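Q: after the sequence you'll find the predicted model.
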Amino acid sequence: MDIIISNTSDEPIYRQIVNQVKVLILNGELKEGHALPSIRGLARDLRISVITTSRAYEELEREGFIRSVPGKGSFVSEENKEFLKEKKLQILEDKLLQAIEESKSLNLSFNELVEMLRLLYQEEK
């Protein structure tokens, strides 16, 4: 599991870990039941505090992305298809909102934006 920590980011380190693990799960790079590094092991690898990694894992568990088994470790949660679909839809909505804002800044009409989306969608087939 490759996690990259940026010391220059305004985002707290635990949040960087949370966001990167979420992306790995949502992209299918970390599959259901996959064992995550131990809290201590990840802290050592990233050269950060155990408290920081613990906070990240607690957040991931609270949001349903991982589950912790006492004495065994932390694992990617069993796939909840509706939950993952909702998270992916939320990400898509955010990206579409960004595209809408960009199109407005370029004074594109709604129809022009729809036509661009239609053309790009068809290219992918």
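A: Received, thanks.
Q: who's in contact with the strand or helix carrying residue 116?
A: Taking DSSP states H and E as the definition, one finds residue 116 inside helix 110-123. Contacts to helix 110-123, defined as C-beta atoms under 8 Å, 6 or more residues apart in numbering, come from residues 99-100, 103, 108. For glycine as for every other residue, the C-beta is placed from the backbone atoms N, C-alpha and C.
Q: can you rerun that using 6 Å?
A: Helix 110-123 is contacted by residues residue 103 when judged by C-beta atoms under 6 Å, 6 or more residues apart in numbering.
Q: next, the buried residues of it.
A: Of all the residues in helix 110-123, those buried under the rule 16 or more other C-beta atoms under 10 Å are residue 113.
Q: show the average pLDDT along that helix.
A: When pLDDT is averaged over helix 110-123, the result is 92.
Q: can you check stretch 92-99 too?
A: pLDDT averaged over stretch 92-99 gives 93.
Q: buried residues in the lengthiest helix in the chain?
A: For the chain, the helix reaching the highest residue count under DSSP state H is reported as helix 81-105. Buried residues in helix 81-105, defined by neighbour count with 16+ other C-beta under 10 Å: 84, 87, 103.
Q: ok, the second one to residue 23 distance?
A: It stands for residue 87. 10 Å (C-beta to C-beta, to the nearest Å).
Q: domain parsing of the chain, as residue ranges.
A: 13-76, 81-123 (automatic domain parsing).
Q: redo these as TSV? Include distance to residue 4.
A: Shown next, in TSV, are the domains of the chain (distance: least, C-beta to C-beta, whole Å):
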stretch	distance to residue 4
domain 13-76	7
domain 81-123	19
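Q: of those domains, which approaches residue 5 most closely?
A: Across these, residue 5 has its closest neighbour in domain 13-76 (5.5 Å, C-beta to C-beta).
Q: over to the closest residue to residue 66 other than its chain neighbours. Which of the three states is it?
A: Spatial nearest neighbour of residue 66, chain neighbours left out: residue 60 (4.5 Å); criterion: C-beta to C-beta, 6 or more residues apart in numbering. On the three-state scheme (DSSP: H, G, I helix; E, B strand; the rest coil), residue 60 is labelled helix.
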